[in-house]
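1. below is the sequence, then the predicted model.
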Amino acid sequence: MNNILIILALSILAFLGLFVIPVVMTRWASHKVIRIFRQHGAVNAQGARTLADLGLAPLGFFDRLMKPRDYRPQALRFLKERGILHSTADGRFYVSEAGSDQG
């Protein structure tokens, strides 16, 4: 009986680690990314900024190895899919104020 409980507990922890925690962290990073866009005034096409200007440029290979996991790239992808994050023709980005109030 104890072995079954241990296996069940480990299975639940594995499920949380693989599926739930990344979703929660991406959602938390989404709010952080929106705040960064607002702080830099990138809330419309005229105020759009590059990801490098916002400090959201993808990390290099060695930086990714040495730092904890960064969920901001997933958050950017999530916000684009939701229609909250928009891009201009020249590759700059801005957050839609109307869409950013959604969850």
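-> That came in fine, so what should we check first?
2. from here on, just use CA atoms for contacts and neighbour counts.
-> Fine.
3. which residues of the chain fall in helices?
-> If DSSP state H is used as the criterion, the helices of the chain fall at 2-15, 21-39, 51-54, 61-66, 72-81, 97-100.
4. with mean pLDDT, mean neighbour count and distance to Asp90 as added columns, please give those in TSV.
-> Below are those laid out as TSV (pLDDT from 0 to 100; neighbours: other Cα atoms under 10 Å; distance: least, Cα to Cα, whole Å):
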stretch	mean pLDDT	mean neighbour count	distance to Asp90
helix 2-15	92	11	41
helix 21-39	95	17	17
helix 51-54	95	13	12
helix 61-66	87	9	26
helix 72-81	95	17	16
helix 97-100	62	14	21
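5. dump those into JSON lines; add distance to Ser87 as well.
-> Below are the helices of the chain laid out as JSON lines (distance: least, Cα to Cα, whole Å):
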{"stretch": "helix 2-15", "distance to Ser87": "35"}
{"stretch": "helix 21-39", "distance to Ser87": "12"}
{"stretch": "helix 51-54", "distance to Ser87": "11"}
{"stretch": "helix 61-66", "distance to Ser87": "25"}
{"stretch": "helix 72-81", "distance to Ser87": "9"}
{"stretch": "helix 97-100", "distance to Ser87": "14"}
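6. what's the burial count for Ala45?
-> Other residues within reach of Ala45, judged by other Cα atoms under 10 Å, total 16.
7. in this structure it contacts Tyr94, no?
-> Yes: if you go by Cα atoms under 8 Å, Ala45 and Tyr94 touch, sitting 6.4 Å apart.
8. how far away is the spatially most central residue of the chain from Gly60?
-> For the chain, the residue sitting closest to the mean C-alpha position, by Cα atoms, centre = their mean, is Ala75 at 1.9 Å. Remark: distance between Ala75 and Gly60 (Cα to Cα, to the nearest Å) = 18 Å.
9. do Ala42 as well
-> Relative to Gly60, Ala42 is positioned 24 Å away (Cα to Cα).
10. returning to what we had before: quick one: residues contacting the residue nearest to the centre of the chain.
-> Contact analysis of Ala75 by Cα atoms under 8 Å, 6 or more residues apart in numbering lists Thr26, Arg27, Ala29, Ser30, Val33.
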